[in-house]
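Visitor: kindly return the folded structure for what I paste below:
(chains A, B, C and D)
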Amino acid sequence: MAAAPHARDLTGFLLRAFVGLVMLFLITPILVVIPSAFSDDVSVSFPPIGFSLKWFASAATTPGFLHGFGISAMVAAVATTISIVIGSLAAYALVRYRFPGRGLVELLLLTPLIVPSIVLAIALNMILGAMGLIGDISGLFVAHVILTLPYAVRVLAGSIRGIDVALEEASLVLGARPSQVGRLVILPMMAPGLLAASVFGFIMSFDEFTVSFFVAGPGVNTLPIALFNYVEINIDPTVSAVSTVLIILSVIAVAVIERTVGLARMLG
Amino acid sequence: MAAAPHARDLTGFLLRAFVGLVMLFLITPILVVIPSAFSDDVSVSFPPIGFSLKWFASAATTPGFLHGFGISAMVAAVATTISIVIGSLAAYALVRYRFPGRGLVELLLLTPLIVPSIVLAIALNMILGAMGLIGDISGLFVAHVILTLPYAVRVLAGSIRGIDVALEEASLVLGARPSQVGRLVILPMMAPGLLAASVFGFIMSFDEFTVSFFVAGPGVNTLPIALFNYVEINIDPTVSAVSTVLIILSVIAVAVIERTVGLARMLG
Amino acid sequence: MLQSLNTAATHPQDDPVAVGIAGLSKRFGHVVAVQNVSIDIERGSFVSLLGPSGCGKTTVLRAIAGLERPDEGSIRIGDEVVNDLPVWQRNIGMVFQNYALFPHMSVADNVGFGLRVRGAPASERRMAVAEALEMVRLGAVAERLPKQLSGGQRQRVAIARALVTRPRLLLLDEPLGALDRKLREQMQLELKLLQRRVGITTVMVTHDQEEALTLSDRIIVMNAGKVVQAGPPDEVYRDPRNAFIADFIGTSNFFSGEVVDRTAETASVRLVNGAMIAVPIVAGQAEVDTSLSFFIRPENVFLSSGKASSDEGSLRGCVLHVAYSGAVSHCYVDIGLPQPVDVLLTNANRSTPVQAPEAGDEVVLSWTRSSVTALTP
Amino acid sequence: MLQSLNTAATHPQDDPVAVGIAGLSKRFGHVVAVQNVSIDIERGSFVSLLGPSGCGKTTVLRAIAGLERPDEGSIRIGDEVVNDLPVWQRNIGMVFQNYALFPHMSVADNVGFGLRVRGAPASERRMAVAEALEMVRLGAVAERLPKQLSGGQRQRVAIARALVTRPRLLLLDEPLGALDRKLREQMQLELKLLQRRVGITTVMVTHDQEEALTLSDRIIVMNAGKVVQAGPPDEVYRDPRNAFIADFIGTSNFFSGEVVDRTAETASVRLVNGAMIAVPIVAGQAEVDTSLSFFIRPENVFLSSGKASSDEGSLRGCVLHVAYSGAVSHCYVDIGLPQPVDVLLTNANRSTPVQAPEAGDEVVLSWTRSSVTALTP
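Guide: Below you'll find the predicted structure:
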């Protein structure tokens, strides 16, 4: 719904142009990284010189990147699955039951915001170190569940809040046992939220650097850590190629959500 | 509204207990870090041995931490202010005007999710390096605006979406010029959103590690970088003391929001 | 076909009471929602729980369905006390306020849900669903999603879904509240005829007095968690037990004045504008020199332009406004009291046309004495 | 005090037309919202734009306020064409659908907003706000926030806010839509008396035909972006120009049959149940052997239990259902047509009591010939 039109058409134009500039500013990093991956030069330059795919080949043949990709994918898959299962139950309980200390729970769900990732990283390093899990992939699982679970609970709670409780009551009155209500009504209606929480949880875990850096060990480096280690030695367009792949994968995932769920509900 | 009560009271109890356990798991890192800061021991241990405040004194006298605190606070303040000002205008334009490519803009607002922070860090290192801004505090300003702006736009867009457009129309019909509508109606009603976006933007910037690490230089290390550098050499309860201070500051900020705005709207 | 949905046939029982509620109480935290409510509902009848929002009517309905557990009291359906029976075993049909149709299921799947969770075979389910949709004339939209239906269609799907399992009782929670005025009147007739045809005992919750009057065999008026009156619609309308009910159901002209004289059957009351009104009373009501309140319904006040003709009761006044609404008009007459008197006029096209009053006209109001109803404080 | 709010006094002009709309058209994308609409609104009158949702009525109102820019046509307020005047310079009062009160301001600040943005001094503002709140009897709640008010109070604040700047025109967008039925009827009277007292030209948008009939001096019926009829309420109700209006405004019994004979003034129409009905017609209407539709309003059909007595028109039937609603009842009579005939009965307490019909009764329906209205297809 447009606001009052008189004398505001110019305002509207200016605001649109402004939004365009802001967006351009935000994606500058992407606009620099992606072209540089296709450069024919040996150093990262903008604008890129020539065109080649050799840096993608270089990325695919660097063992650290391949290994890191596998580890990151496995950690993201396991952590996301655990977060979604636990998160669904917790979110349902949070939305449908009254709690003493509900405000506290909502505060705790903001843990990732409250605890700086460097602090979380150091703390997990202490704890998992004491348990002998540093450098073990199960340490990464634990750390990434702690990272993704609060987010999953928040998205899923929003999803469950959107299911009118009258639908559950209607199905009970119609003769459905609670397990049938869950299977036939709640789960299907949560599907968009489950998809969104899974995809974003996966991306979040896949992209995490700081915590992983303090928890992973030599044998189980994630892709972001591999990138970090690589650039400590030399910056060449291989880095841009890996980054480009990561960005494209994320864009595909987000586009899937946009198609199926719509992004509007993810904003705000 | 509780769901059907029959035979569900037990379910309710189990769900509550489950939520309690999940929350306990999520805050384990905090529960370990904070007590260890008060330890009398020279190494980090759990449960802590003895009680002392000497590690807080040690933190306060470590120059890197003091310097880092100042830099982090300044960067967070500047980046948040810029994000809020730009973000308010952009959010208003996004909510109240129809756009070609609106879906694209919503996608771009998820940039921080789409672009892994390690990739963003490397890209900014390339760009700011080319501009000679690595190690300059203005480089940190730019990087942190890119980090916090999308978040600010999302929160503020939600806030503006909550203002019935009829209120703007009513004030226009009552004789208010557009500038008066902004000052007397829109800004006051956006206040909770502005507060929330500011506080969370500040925390987000203050806590950021990866991007800062690639953009900061020797003279302008943020607090998270100072922590990182410190633990690379030795882990002692000084780290816990700094972490405790960071956590407590965040908790206070979030509690302020909880009191004034309510956290419920920040969830989901 | 409709016969097979007749619950009287499938549950042949002699007890005329289909639902018995005894001493029901329910608190939410410190708020008493329902307090010692007892209601008997006759088999096959249409009963309304009527009252303002927060009066406890919905809690009573939800307790019957099993969606709220009573703190005290018992609920009997047929000859079975159901207090400890879980919701899903009660075999009740219920239409929710906003219909609560499953948005991710087609109309047919919505209607078939009750049979599906009971494990009915697919073929039997298909037939029963088709039959139920036929009953509400929605066979053509079976494959649509709820959001593709109009409000009235959604309401009919909700009714079909509630009836397809042949429940022993139908509960309606503000079933027409989401429809606009015109459609609501249409659906009222449809709902009533359907209920009578199927013969199912029905309990409706509503805050809309007109809906309760129109649809019910019996109205149970609730206020502040208690039953304040129960009876057939015309009894509740004509003889409301107190001022709250007289005001809540229908429109009333309330008056209040001093009793200056009384006989066994009539009190003479002087209003603040000096007019004397004869009010029929019963023994014990209205002492001389005390105040007495009474009311007259707008349709029982007659307008004439001439002299005060009836000795039953009359007043002079000046027309303030005539609110025309087609079939009827409300004429508001200022008689020197703070509130104008509301007079209902019908605009029927009779052989001898009547001159419509206009704002500013001097008129005489009259009524029969039996139209004046005294209120016990 | 009220005198000072009288706009006729502050804008003395001779032109009786307060608002003139000529050839107004407005598209949203490919959707034509309003098509070539011309309306003249008389100074001091209460005019309603009535129609179903999406008929363009709200767009017309918003164009008058300046909230939509017309694609074509001109809008004149007083003697000034306002097409290019920004909203904030039009000096119009408007009450929005959900009142659009500023939630962060007190009642007094809401009401004073229009004066504040005009830069009125604080003392003058305080007096004007107090006066406006007095007018709607809300002086006591001046310091409350809107959310602390009841629905009716909010509506009155919105009216006070709209009138305090002494606008030359008052626009109402479904002003009573958010209130429940009972309160709505009360507020209708209040709004009407206030409008008449202040004497301000008022344009109301509503989809509620009863509201339009009750409040308006003139009704403009819109459908699909066009004006389909304009006239005083009783004219629009009694003589609707087509079937859409007859159905939309009030309740109608529609019939359709074959013309078997005709004179200059009357057609004899045979219904599918065989009954013959005399329908008054005008020249050119109703050829023999063609189909003719007509309607009779429920209040113009009379019920009797005896033989068909009137030769004006009568039918036999069987009572299907009597929907009692207190002051009146709707009696639905099956006469062998798909739709039952709706008969309005008044339940007035007269000296000679009338026996109320019951479902199953055999009855005779009669009417005066002038109650039958033919419809042009």
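Visitor: which stretch of helix or strand covers residue 159?
Guide: Picking chain A for this. Using DSSP states H and E, residue A:159 falls within helix A:137-161.
Visitor: let me rephrase: I mean chain C.
Guide: For residue C:159, the element it lies in under DSSP H and E is helix C:151-163.
Visitor: which helices and strands does that helix pack with?
Guide: Secondary-structure packing of helix C:151-163 (3 or more Cβ pairs under 8 Å, 6 or more residues apart in numbering or on different chains; DSSP states H and E): strand C:93-95, helix C:107-117, helix C:122-135, helix C:181-198. Where you see a C-beta, it was placed from the backbone N, CA and C, and this is true even at glycine.
Visitor: one more time with 10 Å
Guide: On a contact count with 3 or more Cβ pairs under 10 Å, 6 or more residues apart in numbering or on different chains; DSSP states H and E, helix C:151-163 meets helix A:165-173, strand C:93-95, helix C:107-117, helix C:122-135, strand C:170-173, helix C:181-198.
Visitor: so for chain B, which of these sits nearest?
Guide: helix A:165-173 (5.1 Å; Cβ to the nearest Cβ).
Visitor: so where's the chain shaky on pLDDT?
Guide: You didn't say which chain, so I picked chain A. Within chain A, the ranges that satisfy pLDDT under 70 run A:1-9, A:44-46, A:261-268.
Visitor: sorry, should have said chain C
Guide: Chain C contains residues with pLDDT under 70 at C:1-15, C:306-313, C:351-354, C:377.
Visitor: which of the helices and strands packed on helix C:151-163 has the highest mean neighbour count?
Guide: Ranked by average neighbour count under the criterion mean count of other Cβ atoms under 10 Å in any protein chain shown, the helices and strands packed on helix C:151-163 are headed by strand C:93-95 at a mean of 27.
Visitor: can you give the strand pairings for that strand, parallel or anti for each?
Guide: The strands beside strand C:93-95 in its sheet (DSSP bridges) come out as strand C:170-173 (parallel).
Visitor: for the chain, what spans make up the helices?
Guide: Chain wasn't specified; assuming chain A. A:9-37, A:54-61, A:63-96, A:102-108, A:111-114, A:117-130, A:137-161, A:165-173, A:178-181, A:187-207, A:210-215, A:223-233, A:237-260 (DSSP state H).
Visitor: my bad, chain C
Guide: Under DSSP H, chain C gives helices at C:7-10, C:57-65, C:107-117, C:122-135, C:151-163, C:181-198, C:209-215, C:233-238, C:243-248.
Visitor: ok, which of these comes nearest residue D:280?
Guide: helix C:181-198 (27.0 Å; Cβ to Cβ).
Visitor: check whether the closest one comes near chain A.
Guide: No. Helix C:181-198 lies out of reach of chain A by Cβ under 10 Å from any Cβ of the partner chain, never closer than 17.4 Å.
Visitor: output that helix in CSV with nothing but the alpha carbons.
Guide: The C-alpha trace of helix C:181-198 is given here as CSV (Å, rounded to 0.1, in the frame of the first residue of the first chain):
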residue,chain,number,x,y,z
ARG,C,181,-24.8,-9.7,8.5
LYS,C,182,-26.6,-10.7,5.3
LEU,C,183,-24.9,-14.1,4.9
ARG,C,184,-25.4,-14.8,8.6
GLU,C,185,-29.2,-14.5,8.3
GLN,C,186,-29.1,-16.9,5.3
MET,C,187,-26.9,-19.4,7.2
GLN,C,188,-29.1,-19.2,10.3
LEU,C,189,-32.1,-20.6,8.4
GLU,C,190,-29.9,-23.2,6.7
LEU,C,191,-28.3,-24.3,10.0
LYS,C,192,-31.7,-24.6,11.7
LEU,C,193,-33.4,-26.6,9.0
LEU,C,194,-30.3,-28.9,8.8
GLN,C,195,-30.3,-29.4,12.6
ARG,C,196,-34.0,-30.2,12.6
ARG,C,197,-33.7,-32.6,9.7
VAL,C,198,-30.7,-34.5,11.2
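Visitor: please see if that helix touches chain D.
Guide: Yes. Using Cβ under 10 Å from any Cβ, helix C:181-198 reaches chain D at C:181-182, C:185-186, C:188-189, C:192-193, C:196.
Visitor: what is the nearest of those to residue B:216?
Guide: The nearest member of the residues of helix C:181-198 next to chain D to residue B:216, counting by Cβ to Cβ, is residue C:181 at 67.5 Å.
Visitor: how close does the closest one get to chain A?
Guide: Here residue C:181 is placed at a distance of 24 Å from chain A (Cβ to the nearest Cβ, to the nearest Å).
Visitor: that older thread, who wins for proximity to residue B:84 among the helices and strands packed on helix C:151-163?
Guide: Going by Cβ to Cβ, the one of these nearest residue B:84 is helix A:165-173, 37.0 Å.
Visitor: quick one: that closest one to chain centroid distance?
Guide: Relative to the chain's own centre, helix A:165-173 is displaced by 34 Å; criterion: Cα atoms, centre = their mean, to the nearest Å.
Visitor: and the closest residue to residue C:38 other than its chain neighbours, how many residues sit next to it?
Guide: Spatially, and ignoring its direct neighbours in sequence, residue C:38 is nearest to residue C:22 (5.1 Å; Cβ to Cβ, 6 or more residues apart in numbering or on different chains). A count of nearby residues for residue C:22, using other Cβ atoms under 10 Å in any protein chain shown, gives 15.
Visitor: what residues are bridge-paired with residue C:22?
Guide: Beta-bridge partners of residue C:22, counted by DSSP bridges, are residue C:74.
Visitor: what does the stretch 51-200 of chain C have sitting close to chain B?
Guide: Counting by Cβ under 10 Å from any Cβ, the stretch 51-200 of chain C sits next to chain B at C:62, C:65-69, C:83-90.
Visitor: using CSV, lay out those residues together with distance to chain D.
Guide: Output for those, formatted as CSV (distance: Cβ to the nearest Cβ, whole Å):
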residue, distance to chain D
C:62, 22
C:65, 25
C:66, 30
C:67, 25
C:68, 25
C:69, 31
C:83, 34
C:84, 38
C:85, 35
C:86, 35
C:87, 30
C:88, 34
C:89, 35
C:90, 30
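Visitor: buried among those? Make that a PyMOL selection.
Guide: Only the buried entries of these go into this PyMOL selection, using 16 or more other Cβ atoms under 10 Å in any protein chain shown:
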select buried, chain C and resi 62+65+66+67+68+69+86+87+88+90
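Visitor: kindly reformat the residues of the stretch 51-200 of chain C next to chain B as CSV containing distance to residue A:65.
Guide: Converted to CSV, those look like this (distance: Cβ to Cβ, whole Å):
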residue, distance to residue A:65
C:62, 60
C:65, 60
C:66, 60
C:67, 57
C:68, 60
C:69, 60
C:83, 66
C:84, 64
C:85, 63
C:86, 57
C:87, 56
C:88, 55
C:89, 60
C:90, 62
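Visitor: go through the residues of the stretch 51-200 of chain C next to chain B and name the one nearest residue B:139.
Guide: Out of these, the member with the shortest distance to residue B:139 (by Cβ to Cβ) is residue C:67, at 60.7 Å.
Visitor: can you verify my assumption that the closest one contacts residue C:61?
Guide: Yes. With contact defined as Cβ atoms under 10 Å, residue C:67 reaches residue C:61; the gap is 8.5 Å.
Visitor: between these two, what contacts are shared?
Guide: C:94, C:171 (Cβ atoms under 10 Å, 6 or more residues apart in numbering or on different chains).
Visitor: next up, the contacts around residue C:52.
Guide: Residues in contact with residue C:52, defined by Cβ under 10 Å, 6+ apart, are C:207, C:222-224, C:244, C:248, D:180, D:182.
Visitor: can you flag the buried ones in those?
Guide: Buried among these (16+ other Cβ under 10 Å): C:207, C:222-223, C:244, C:248, D:182.
Visitor: from the centroid of the chain, which residue is nearest?
Guide: You didn't say which chain, so I picked chain A. residue A:204 (2.5 Å; Cα atoms, centre = their mean).
Visitor: hmm, I had chain C in mind actually
Guide: Short answer for chain C (Cα atoms, centre = their mean): residue C:212, at 1.5 Å.
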